[in-house]
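Colleague: predicted model and sequence follow; I will ask about them next.
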Amino acid sequence: MTSHQKWTSVVVLVLIIAGLVRWSGQQRTNEDTIRIGVVASLTGPGSFYGENIRAGAELAAHEINQAGGVKGQPLEIIFEDDATNPKQTVSAARKLIDVDEVLAIVGVQWDFLANAAAPVAQEKETVIISAAAPFDSIREENQNPYMFTTFPSASGATESPASLGGSK
């Protein structure tokens with residue numbers, strides 16, 4: 001996936017989250033701002049991708065806020081660095097949910113990080129969306145109604161057209 005594609009994916013994810021907020025009617029009664037968390041590899045071996053995620057999320061929030069926000073409320077993006085480390089991913093997700101009180105989290109980059117975050121999503125009943133973990137890479141014990149991925153199946157990418165019912 002190119003950096004442009006990853007950046008575009010994050011923009012789309014933030015827009016999806018904003019749509020979910022609009023659709024569900026959820027909002028904090030004590031806040032004027034809708035908070036969305038972003039867990040990304042801002043340091044460590046995945047930092048190149050994390051910086052693209054940061055730029056995409058900031059741009060999306062800016063555009064959403066310029067258009068009047070979500071139900072008139074501004075969108076605030078709160079970033080946490082997972083350092084491309086599953087333990088740090090869990091800490092970052094917990095901090096965003098417990099301390100920053102985000103509505104949802106996007107950005108968890110790879111399958112090993114998404115699998116680390118999935119139990120937190122279930123426990124805290126908070127939506128987490130990964131743009132780069134193939135949906136079939138989420139282990140069965142981590143599949144729950146709060147963990148989403150937007151990346152296509154990894155297994156489908158390795159099958160030939162004939163095995164999928166197409167011609168050779």
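Modeller: All right, it came through fine.
Colleague: pretty sure Ala116 is touching Val90, no?
Modeller: Yes: applying C-beta atoms under 8 Å, one finds Ala116 in contact with Val90, separated by 5.3 Å. Bear in mind the C-beta positions are built from the backbone N, C-alpha and C, glycine included.
Colleague: neighbour count winner among the two?
Modeller: Applying other C-beta atoms under 10 Å to Ala116 and Val90 shows that Ala116 carries more neighbours, namely 23 against 18.
Colleague: element containing the more buried one, please.
Modeller: Using DSSP states H and E, the secondary-structure element containing Ala116 is helix 111-124.
Colleague: pull the next helix-or-strand element following that helix out as PDB, backbone CA atoms only.
Modeller: Sequence-wise, the next helix or strand beyond helix 111-124 is strand 127-134, with elements assigned using DSSP H and E. Listed in PDB are the C-alpha atoms of strand 127-134, where the atom choice follows Å, rounded to 0.1, in the frame of the first residue of the first chain:
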ATOM      1  CA  VAL A 127     -15.200   0.800  18.400                       C
ATOM      2  CA  ILE A 128     -11.700   0.400  17.100                       C
ATOM      3  CA  ILE A 129     -11.100   0.400  13.300                       C
ATOM      4  CA  SER A 130      -7.900  -0.800  11.600                       C
ATOM      5  CA  ALA A 131      -7.200   0.300   8.100                       C
ATOM      6  CA  ALA A 132      -4.300  -2.100   7.500                       C
ATOM      7  CA  ALA A 133      -5.100  -5.400   9.300                       C
ATOM      8  CA  PRO A 134      -6.800  -7.800   6.900                       C
END
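Colleague: rewinding a little: average pLDDT for the helix holding Ala116, rounded please.
Modeller: Mean pLDDT, computed over helix 111-124, is 93.
Colleague: could you identify the helix or strand that succeeds the helix or strand bottoming out on mean pLDDT in the chain?
Modeller: In the chain, no helix or strand scores lower on mean pLDDT, DSSP states H and E than helix 3-24, which sits at a mean of 54. Helices and strands here follow DSSP H and E; after helix 3-24, the next one along the chain is strand 34-40.
Colleague: packing partners of that next one?
Modeller: Helices and strands touching strand 34-40, by 3 or more C-beta pairs under 8 Å, 6 or more residues apart in numbering; DSSP states H and E, are helix 3-24, helix 47-66, strand 75-81, helix 86-98, strand 104-106.
Colleague: what's the angle between that strand and strand 127-134?
Modeller: Angle, strand 34-40 to strand 127-134, by axes from the mean of the first three to the mean of the last three C-alpha atoms, to 10 degrees: 30 degrees.
Colleague: low-confidence regions, the chain specifically.
Modeller: Counting by pLDDT under 70, the chain contains low-confidence ranges at 1-31, 154, 156-168.
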